[in-house]
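**Q** Here is a sequence with its predicted model. Questions after.
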Amino acid sequence: MATPIDIILEYGNPGVTESGNWANATAATLHYGSMSRYATAGGNVDSVIFRPNLPEAGDYEVLVWNSYYANRMTNVPHRIVHLNGETIIPIDQSGTGIYGQWLSLGWYSFSIGTSGFVEISDIGLVPTQLTYIGADAVRFRNAESL
C-alpha cells in the first residue's frame with residue numbers, strides 16, 4: 001500500500017532553481033506563502049524548475065499556484081517531465097486565468113527520486129507588448145493523500 005505523499009515546493013525550498021532574470025512579485029497578490037516571483041516575457045529565456053525528491057514511484061497529481069497580476073501572459077508554458085516523457089500545458093496567468101488556488105495540470109507517473117520536475121518558462125513566448133510570467137509554487141500529491 002502506498003504512503004500518502006503531498007509535496008509542495010516554493011521559493012527557498014530545496015529543489016527550486018531559476019535561471020534568467022527573476023524578481024520578487026511585490027505588486028502581485030494571492031501568493032502561496034509569503035511571495036512569488038516574476039520575469040519579463042520574451043527575449044532571453046527565464047525559467048524556474050520545481051524538482052521534488054519523491055520518496056516513492058507512482059502516479060502523482062501535479063498542481064500549480066499562480067499569484068494574481070493582470071499584466072501576465074495567457075499562454076505560459078508549464079513543462080512536466082515525467083516517467084513517460086514530457087507534457088507542455090499553456091496556462092493563462094493573466095487576470096482572467098485561475099489564480100490564488102491550486103490548478104491541476106493532471107496526473108503523471110514519476111520515478112522515485114528527482115528525475116521528474118515542472119518547469120515554468122517563457123520559452124517560445126513572443127509578446128506584442130510588455131508583459132510578464134510568474135512562478136509561485138508547485139505541488140505533487142498521490143491519490144493516498146487526497
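**A** That came in fine, so what should we check first? Only a predicted model underlies this, so the values are computations on that prediction, with no experimental measurement involved.
**Q** from here on, contacts and neighbour counts on C-alpha atoms
**A** Will do.
**Q** what's the closest non-adjacent residue to Glu86?
**A** Ile80 (5.4 Å; Cα to Cα, 6 or more residues apart in numbering).
**Q** what's near enough to touch the one you found?
**A** 86-88, 116-119 (Cα atoms under 8 Å, 6 or more residues apart in numbering).
**Q** In a helix, Glu144, correct?
**A** Yes - under DSSP: H, G, I helix; E, B strand; the rest coil, Glu144 sits within a helix.
**Q** And for it, nearest residue in space, chain neighbours not counted?
**A** Glu144 sits nearest to Pro4 (Cα to Cα, 6+ apart), 4.6 Å away.
**Q** can I assume the one you found is in contact with Tyr60?
**A** No - using Cα atoms under 8 Å, Pro4 makes no contact with Tyr60, being 10.6 Å away.
**Q** residue boundaries of the strands in this protein?
**A** Using DSSP state E, the strands assigned to the chain run over residues 6-10, 16-19, 23-24, 37-40, 47-50, 58-65, 76-82, 85-91, 102-110, 117-121, 132-135, 137-141.
**Q** looking at those strands, which is buried most?
**A** Among the strands of the chain, strand 132-135 has the highest mean neighbour count (mean count of other Cα atoms under 10 Å), at a mean of 28.
**Q** mind checking how far that strand is from the chain centre?
**A** The chain centroid and the centroid of strand 132-135 are separated by 10 Å, computed with Cα atoms, centre = their mean, to the nearest Å.
**Q** which stretches of this structure have low pLDDT?
**A** Across the chain, the ranges flagged by pLDDT under 70 are 1.
**Q** Hmm, Ile7 is touching Arg139, no?
**A** Yes - judged on Cα under 8 Å, Ile7 makes contact with Arg139 at a distance of 5.6 Å.
**Q** quick one on the thing from earlier: with the contacts of Ile80 in mind, which one is nearest to Gly20?
**A** Glu119 (13.0 Å; Cα to Cα).
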